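[1] I'd like to go over a predicted model; first the sequence, then the structure.
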Amino acid sequence: QYYRRAATDGFQLGVVYGNIADEYVNLGQESEAVAYYHRALALAPDDETIIEGLAGCYVAANEMDKSVEYFTDFVEKNPYSRAGWYYLGASLMEENLYEKAIDAFEYSLAIDEKYALAYISMAEAYRELAQFSKAVQALQDSLPYIDDKAAIYYNIGTIYFERNIFPSAEVYYKYAINEDPYFADALMAMARCCAEMNDYS
């Protein structure tokens, strides 16, 4: 009610509509939230928080076809939105359209080469396509732009482990543990890797 009263003077309407949408999410009313996110983005298309909120609504409502449709239209109108392209790619991933998703992530990275999320999601798309060397490269490309390097090294190690390339997996699990000595998943993965190489000690 207060947000609607705030909207009457027309000041920062995009932000106000985004806040109303957030509250509808908290109320579990995704359809109302989507409507207000649409109104918010019509006024504030550069607000990545609103874009992320809308994408989350589509996921919660399991309406990925509508998400693909909306974000396809959104990037046509806002071709320099890194988040718009990213969430188009994420929506396409949910529809198992991995090659199209990769194209969208590449557009996002062309706009901002430091957008680590796009590298990570692109790597997942390549994994789904069984293009493992490209998945590893995408993860490696993310490293200069991400704080949690341990997670990236762990994911690279897991790609090698799943392909039974245990020496390479061991190298990247060691990198992960060097970054975070208390990374339990990496420690357990290292133990499994050593066991596969008959290094039981």
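    Great, that's in hand. Numbering: from 1, shown residues only.

[2] residue 56 is in contact with residue 22, correct?
    No - with contacts defined as CB atoms under 8 Å, residue 22 does not count as touching residue 56, sitting 10.2 Å away. All C-beta spots, glycine's among them, are computed from the backbone N, C-alpha and C.

[3] contacts only, for residue 42.
    If you count contacts by CB atoms under 8 Å, 6 or more residues apart in numbering, residue 42 has them with residue 14.

[4] at 10 Å instead, please
    With CB atoms under 10 Å, 6 or more residues apart in numbering as the criterion, the residues that contact residue 42 are 13, 14, 17, 74, 77.

[5] could these go into a markdown table alongside distance to residue 144 and neighbour count?
    Compiled in a markdown table, the contacts of residue 42 are given as follows (distance: CB to CB, whole Å; neighbours: other CB atoms under 10 Å):
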| residue | distance to residue 144 | neighbour count |
| --- | --- | --- |
| 13 | 38 | 17 |
| 14 | 32 | 17 |
| 17 | 36 | 24 |
| 74 | 28 | 22 |
| 77 | 31 | 11 |
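
[6] kindly indicate which of those lies nearest residue 182.
    The shortest approach to residue 182 among the contacts of residue 42 belongs to residue 74, at 40.9 Å (CB to CB).

[7] show me whatever sits in contact with both of residue 22 and residue 56.
    Common neighbours of residue 22 and residue 56 are listed as 33, 37 (criterion: CB under 10 Å, 6+ apart).

[8] host element of the spatially most central residue of the chain?
    Residue closest to the average C-alpha location in the chain (CA atoms, centre = their mean): residue 117, at 4.9 Å. If you go by DSSP states H and E, residue 117 is part of helix 116-128.

[9] related to what we said a few turns ago, can you name the residues that contact the nearest residue to the residue nearest to the centre of the chain once chain neighbours are set aside?
    For residue 117, the nearest residue in space outside its immediate sequence neighbours is residue 86; the separation is 6.2 Å by CB to CB, 6 or more residues apart in numbering. The neighbours of residue 86, taking CB under 10 Å, 6+ apart as the test, are 48, 51-52, 55, 71, 75, 101, 104-105, 107-109, 111-112, 115, 117-118, 121-122.

[10] buried among these? Make that a PyMOL selection.
    Here is the PyMOL selection string for the buried members of the contacts of residue 86, based on 16 or more other CB atoms under 10 Å:
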select buried, resi 51+55+71+75+101+104+105+107+108+109+111+115+117+118+121+122
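
[11] looking at the contacts of residue 86, which are in helices?
    In helices, judged by DSSP state H, the following of the contacts of residue 86 are found: 48, 51-52, 55, 71, 75, 101, 104-105, 107-109, 111, 117-118, 121-122.
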